[in-house]
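Student: Got a predicted model here, sequence first, then my questions.
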Amino acid sequence: MRKRRTTLPIRKRSFLLIEVLISLALIALCLFPLIKPLMAMRQEDRKYIELIQLEIASQHAFCEVKKMLYEHKIPWSCLSKENDFKDVLTETYEIAFNKGMSRKYTCDYVIHRIEEANKPSKKAVGLAVEVELTFTSGSSKKKFSRTLYLEKHNT
């Protein structure tokens with residue numbers, strides 16, 4: 001005769017909360033090395049975009065300084081001395097990032113006299129200057145410089 005086997009009911013055990021939390025933590029630890037380089041690249045991209053926009057703002061500020069020189073708002077007597085001419089542009093520059101993030105910069109400029117050159121005709125005096133622009137926002141500073149040749153005609 002055959003014996004009948006009696007099957008015991010299989011009891012399914014549910015997951016404990018701690019097991020679920022541990023599995024989520026392990027998944028997060030596995031994903032972290034994949035996400036970290038992407039975040040670093042995004043941060044470097046943001047710094048590069050800020051540098052490009054500051055370069056554009058420095059070109060604009062340099063044009064403002066050239067305009068002030070052309071309109072004689074910066075006197076020639078201040079430039080022909082050995083001392084540096086320092087001033088602040090009144091305009092604040094706002095560098096915008098994506099999604100409405102922006103940072104405001106103030107621009108200071110210093111005009112350094114490099115060399116004075118007299119023309120052979122003595123009717124004009126030339127002056128080579130370096131315009132140094134410093135953009136400041138909080139604790140960050142970025143400097144840009146341009147060289148400019150100015151000429152004053154004696155009449």
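Tutor: Nice, thanks for sending it over.
Student: can you give me the strands for this structure?
Tutor: For the chain, applying DSSP state E gives strands covering 85-96, 102-118, 124-137, 140-153.
Student: beta partners of the spatially closest residue to Glu50 that is not a sequence neighbour?
Tutor: Among residues not flanking Glu50 along the chain, Ile95 sits closest, at 5.8 Å (C-beta to C-beta, 6 or more residues apart in numbering). All C-beta atoms are positioned from the backbone trio N, CA, C, and that covers glycine. Counting by DSSP bridges, Ile95 is bridged to Arg103.
Student: okay, now Ile95: neighbour count?
Tutor: 19 (other C-beta atoms under 10 Å).
Student: and what of Tyr109?
Tutor: A count of nearby residues for Tyr109, using other C-beta under 10 Å, gives 23.
Student: Provide the partner residues of it in its beta bridges.
Tutor: Assigned bridge partners for Tyr109, using DSSP bridges, are Asp87, Leu133.
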